[in-house]
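1. One predicted model, sequence on top.
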Amino acid sequence: MTIDTELGLMTEQLSVFLMQATLPSGDYMKICCIGAGYVGGPTMAMIAHKCSDIQVHVVDINQTRIDAWNSDHLPVYEPGLQEIVEQNRGKNLHFTTEVDEQIRTSDMIFISVNTPTKQYGVGKGRAADLKFVELCARRIAEVAEGHKVIVEKSTLPVRTAETVKRILANASHEATFDVLSNPEFLAEGTAMEDLDSPDRVLIGGESDKAIQMLVDVYAHWVPKERILTTNLWSSELSKLAANAVLAQRISSINAISALCEATQADVDEVAHAIGQDSRIGPKFLKASVGFGGSCFQKDILNMVYLCEFYGLKEVAEYWEQVILMNDHQKQRFARNMVRTMFNTVSGKRIAILGFAFKKDTNDTRESAAIYVCRDLLTEQANLAIYDPKVPESQIRADLEYVFKQENGELAERDRKLIEENVIICNSALEAADQAHGVGIMTEWDEFKDISPAELYEKVFKPAFLFDGRNIMDHKAYIEQGFEVYAIGKGLLNS
Ligand code: NAD
Ligand code: UDX
């Protein structure tokens, strides 16, 4: 260690000591966040970064995840996250598995656990599985003392706060609670920017005092006019509604992309032309191989379930169509690949570039690539997959998961198919080596820098490029000799 780093560390420790020594215990606010995932980690890192007067503890039952947060290899890849964690970790940002201790000693407790689509029982495949949220509420009820503000950060079905309040009403140590809804609107890949400068922060609640306490946290860096306060139910529902409307825009442009391919219109030109209308706006009109991510599908399914629950059949069907269109887009892309490569990909190597559900994240949840790969494997293709941030173990786990049967078992035949027909590569060019076709699944910037000439050298001829993100320079690839299929543009050479 150099003298400079040693001095730096001493100053850091001294400033923490002074802060804690000058503030009698209890004078600075303490926040605990249950769930150290893609939302809990980045969100709390930003709160700690912006609020040096608040001590933030992120807790999780997953020891491996907590160890990773305390290491140089964070479990979540987000541009800018590592720097902020390193600047604040050990000062006012802590990652620990001591859930009970942090519940007991915190003034405000965020619940930021996963709320996946339920895979069993009533509402299977549609409703949100709230068992993790309920477990948190029960844990808080069991160990909390005094007064706590509980903040729902997870995305939840509207009226979940009612359940949380009922569980908390049975607290063991006569603790009292206020429950707030504060849904998170960050998008992965831009999480730190979104948290630093959010379009809005939404806080729903019943107690003005509790609402003000949370407003004061965000007011450290978010302009007051961007902090919206509503009733609990509006806040809970706004999160599902925002995701539904965003996903609907993508399904709308993807539906138009199919029509473009049939009519020789160009989807990028159409998106630009309609997006110039200020009533429509340019964002979220990028045609793609299909939206993925942990939120859109799960939250729309959840909304569909809620609509059915409230007897709103037509409303449920309306939102479900957004999902059906997305499934269609993924299948359509895989089918077009097969059709273009002379109606068979059996035994052919296909390079799959990108596996994450979007660029700048290591997250693969519901990634379109998983479904395209499944369809190509079913056609007996050999896949050579490359993603700059997703590890091999994750890619294999996702493929095994998507092939699992109703009973949750992976058939021996499918296990062998994945084992024998999938290889994971360390670069795009390695994946393309002796491939019959190259498919772009994720819009990673580095793919735009691939040299068409070098790629052409690697692949079998005729050379096929399938651009599921419309990021490549199609003209350059055609000039190089590729046959190029692009979403919403069709086969460009014909
Ligand atoms: P995640 O799976 O990355 O993280 C959830 C964490 O909670 C896991 O580490 C898990 O171990 C932990 N956990 C579960 N039960 C626990 C318990 N009882 N005690 C302690 N820890 C527990 O999930 P995520 O992507 O961070 O999403 C969390 C919530 O935020 C979800 O409701 C999601 O819909 C919502 N959300 C996600 C995003 C996103 O982009 N990922 C954006 C906005 C909102
Ligand atoms: C989404 C919401 O945007 C965010 O506000 C919410 O908090 C969580 O869910 P996220 O899923 O992380 O965020 O990423 P997002 O940027 O919305 O992209 C979701 C999917 O849609 C990705 O697969 C992306 O590639 C795709 N997409 C997005 C398109 O296909 N076209 C677009 O125009 C925009």
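-> Structure's in. What do you need? Ligands and ions are numbered 1, 2, ... in the order given.
2. near ligand 1 at all, the longest helix along the chain?
-> Across the chain, the longest stretch assigned as helix under DSSP state H is helix 232-263. No - using CB under 6 Å from any ligand atom, helix 232-263 never reaches ligand 1; the gap is at least 7.3 Å. Just so you know, the C-beta spots here come from the backbone N, C-alpha and C atoms, and that holds for glycine as well.
3. Tell me the residues of the stretch 1-150 of the chain that contact ligand 1?
-> Within the stretch 1-150 of the chain, the positions near ligand 1 by CB under 6 Å from any ligand atom are 34-40, 60-62, 65, 99, 112-115, 132, 135-136.
4. ok so, going back, who are the packing partners of the longest helix of the chain?
-> helix 160-168, strand 176-181, strand 201-204, helix 267-275, helix 296-309, helix 313-340 (3 or more CB pairs under 8 Å, 6 or more residues apart in numbering; DSSP states H and E).
5. Low-confidence regions, the protein specifically.
-> 1-26 (pLDDT under 70).
6. 80 - rerun?
-> 1-27, 494 (pLDDT under 80).
7. related to what we said a few turns ago, please dump the helices and strands packed on helix 232-263 into JSON lines; it should also carry mean neighbour count and distance to ligand 1 for every row.
-> Putting those into JSON lines (neighbours: other CB atoms under 10 Å; distance: least, CB to the nearest ligand atom, whole Å) gives the following:
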{"stretch": "helix 160-168", "mean neighbour count": "18", "distance to ligand 1": "10"}
{"stretch": "strand 176-181", "mean neighbour count": "22", "distance to ligand 1": "12"}
{"stretch": "strand 201-204", "mean neighbour count": "22", "distance to ligand 1": "12"}
{"stretch": "helix 267-275", "mean neighbour count": "17", "distance to ligand 1": "24"}
{"stretch": "helix 296-309", "mean neighbour count": "22", "distance to ligand 1": "7"}
{"stretch": "helix 313-340", "mean neighbour count": "18", "distance to ligand 1": "16"}
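8. With distance to ligand 2 as added columns, please give those in a markdown table.
-> Output for the helices and strands packed on helix 232-263, formatted as a markdown table (distance: least, CB to the nearest ligand atom, whole Å):
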| stretch | distance to ligand 2 |
| --- | --- |
| helix 160-168 | 17 |
| strand 176-181 | 14 |
| strand 201-204 | 11 |
| helix 267-275 | 8 |
| helix 296-309 | 6 |
| helix 313-340 | 9 |
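9. quick one on the thing from earlier: give me the buried positions along the longest helix of the chain.
-> By 16 or more other CB atoms under 10 Å, the buried positions in helix 232-263 come out as 232, 235-240, 242-244, 246-258, 260-261.
10. and that helix with helix 296-309, angle?
-> For helix 232-263 against helix 296-309, the angle by axes from the mean of the first three to the mean of the last three CA atoms, to 10 degrees is 120 degrees.
11. TSV for the helices and strands packed on helix 232-263, including distance to residue 82?
-> Formatted as TSV, these follow (distance: least, CB to CB, whole Å):
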stretch	distance to residue 82
helix 160-168	33
strand 176-181	30
strand 201-204	24
helix 267-275	34
helix 296-309	27
helix 313-340	32
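12. I figured residue 322 hits residue 247, correct?
-> Yes - between residue 322 and residue 247 a contact is recorded at 5.3 Å, counting by CB atoms under 8 Å.
13. Need the overlap of contacts for these two.
-> residue 300 (CB atoms under 8 Å, 6 or more residues apart in numbering).
14. okay, stretch 246-259 in PDB with CA atoms only?
-> C-alpha atoms of stretch 246-259 as PDB (Å, rounded to 0.1, in the frame of the first residue of the first chain):
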ATOM      1  CA  LEU A 246     -43.900   1.400 -22.100                       C
ATOM      2  CA  ALA A 247     -44.100  -2.200 -23.200                       C
ATOM      3  CA  GLN A 248     -47.200  -1.400 -25.200                       C
ATOM      4  CA  ARG A 249     -45.200   1.100 -27.200                       C
ATOM      5  CA  ILE A 250     -42.600  -1.500 -28.100                       C
ATOM      6  CA  SER A 251     -45.200  -4.100 -29.000                       C
ATOM      7  CA  SER A 252     -46.900  -1.400 -31.200                       C
ATOM      8  CA  ILE A 253     -43.700  -0.700 -33.100                       C
ATOM      9  CA  ASN A 254     -42.900  -4.400 -33.300                       C
ATOM     10  CA  ALA A 255     -46.300  -5.000 -34.800                       C
ATOM     11  CA  ILE A 256     -45.700  -2.300 -37.300                       C
ATOM     12  CA  SER A 257     -42.300  -3.800 -38.000                       C
ATOM     13  CA  ALA A 258     -44.000  -7.000 -39.400                       C
ATOM     14  CA  LEU A 259     -46.200  -4.800 -41.600                       C
END
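15. how far does that stretch sit from the chain's center?
-> Relative to its parent chain, stretch 246-259 has a centroid offset of 20 Å by CA atoms, centre = their mean, to the nearest Å.
16. cool, stretch 391-404 as well?
-> Between the centre of stretch 391-404 and the centre of its chain there are 17 Å (CA atoms, centre = their mean).
17. quick one: buried residues of that stretch?
-> Buried residues in stretch 391-404 (16+ other CB under 10 Å): 394, 395, 398, 399, 402, 403.
18. how about JSON lines for the residues you listed, with distance to ligand 2 added?
-> Formatted as JSON lines, these follow (distance: CB to the nearest ligand atom, whole Å):
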{"residue": "394", "distance to ligand 2": "16"}
{"residue": "395", "distance to ligand 2": "16"}
{"residue": "398", "distance to ligand 2": "14"}
{"residue": "399", "distance to ligand 2": "18"}
{"residue": "402", "distance to ligand 2": "16"}
{"residue": "403", "distance to ligand 2": "21"}
